[in-house]
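Peer 1: sequence unknown, structure follows:
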């Protein structure tokens, strides 16, 4: 039996001859599906441990969240170990004091820059949770807390605080009354989301927003 190659065609053309050395019959559906599957690259998935993401920062939505364009893929990135004041998202989700100032500060640090991020995991919103190194040797995570524009993330008993130095940077910013620490009774974002946003959305009384 002669050895031949299957001839794939998008549509049958009556009377069209197959090229030399090519079988004139159509490829079996299973073989065609396998060929198409192999031709489409599978999306990369985070490894079981820490991983890196390299790309250009194309958006900064608030003081702890950015979008990184890596190749053709957009990654929503949550800065690890910190929580910045919330920006507003409509009438039932008002922003916190210093929310816009924090967003602008992070944008000044990273917007438009090509960076390699050191990432730990994806959160429940499928955001990559990462440290964001800067050219001066700091991370954007530390810089935001150092400027008094973000908290050390102490939710869940501190399980999200991967960089222990950030807690000390927050203490120093508090002592120097930098950024949001100039206001009396600053409300941590995780408390704001519950005591303000959740209360407004569910009709509970609230006194903080």
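Peer 2: The structure has been received and is ready for your questions. No experiment lies behind these values; they were computed from the predicted model shown.
Peer 1: and the lengthiest strand in the chain, average pLDDT?
Peer 2: The strand spanning the most residues in the chain, taking DSSP state E as the definition, is strand 51-62. The average pLDDT for strand 51-62 rounds to 98.
Peer 1: what comes into contact with it?
Peer 2: In this structure, residues lying in contact with strand 51-62 by C-beta atoms under 8 Å, 6 or more residues apart in numbering are 66-71, 74-75, 77, 84, 86-87, 99, 102-103, 106-107, 110-119, 128, 130. C-beta: built from backbone N, CA, C; applies to glycine.
Peer 1: mind listing what's buried in stretch 93-113?
Peer 2: For stretch 93-113, burial by neighbour count (16 or more other C-beta atoms under 10 Å) applies to 93-96, 98-99, 101-103, 105-107, 109-110.
Peer 1: oh sorry, the question was meant for stretch 162-172
Peer 2: The neighbour-count check on stretch 162-172 (16+ other C-beta under 10 Å) flags 162-163, 166-167, 169-170 as buried.
Peer 1: what's the average pLDDT for that stretch?
Peer 2: For stretch 162-172, mean pLDDT is 97.
Peer 1: Residue ranges of each domain in this protein, please.
Peer 2: Following automatic domain parsing, the chain resolves into domains at 5-39, 51-201.
Peer 1: What pairs with the longest strand of the chain, parallel or antiparallel?
Peer 2: Applying DSSP bridges, strand 51-62 is found paired with strand 65-70 (antiparallel), strand 114-122 (antiparallel).
Peer 1: picking up where we left off before, could I get the buried residues of stretch 162-172 in a markdown table, plus columns for secondary structure and distance to residue 184?
Peer 2: What follows is the buried residues of stretch 162-172, written out as a markdown table (DSSP: H, G, I helix; E, B strand; the rest coil; distance: C-beta to C-beta, whole Å):
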| residue | secondary structure | distance to residue 184 |
| --- | --- | --- |
| 162 | coil | 30 |
| 163 | coil | 28 |
| 166 | helix | 23 |
| 167 | helix | 22 |
| 169 | helix | 21 |
| 170 | helix | 17 |
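Peer 1: could you dump the residues you listed to a markdown table with distance to residue 208?
Peer 2: Shown next, in a markdown table, are the buried residues of stretch 162-172 (distance: C-beta to C-beta, whole Å):
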| residue | distance to residue 208 |
| --- | --- |
| 162 | 28 |
| 163 | 28 |
| 166 | 24 |
| 167 | 24 |
| 169 | 25 |
| 170 | 20 |
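Peer 1: Of those residues, which is the nearest to residue 193?
Peer 2: Nearest to residue 193 among these: residue 170, at 18.8 Å, using C-beta to C-beta.
Peer 1: Quick check, the closest one in contact with residue 152.
Peer 2: Yes - shown here, residue 170 and residue 152 form a contact pair, counting by C-beta atoms under 8 Å, at 4.5 Å.
Peer 1: okay if I get the strands paired with strand 51-62 as TSV plus mean pLDDT?
Peer 2: Listed next are those as TSV, based on pLDDT from 0 to 100:
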stretch	mean pLDDT
strand 65-70	98
strand 114-122	98
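Peer 1: Looking at these, spot the one closest to residue 181.
Peer 2: Residue 181 lies closest to strand 65-70 among the strands paired with strand 51-62, at 21.5 Å (C-beta to C-beta).
Peer 1: What are the buried residues along that closest one?
Peer 2: Neighbour-count burial for strand 65-70 flags 65-68, 70 (criterion: 16+ other C-beta under 10 Å).
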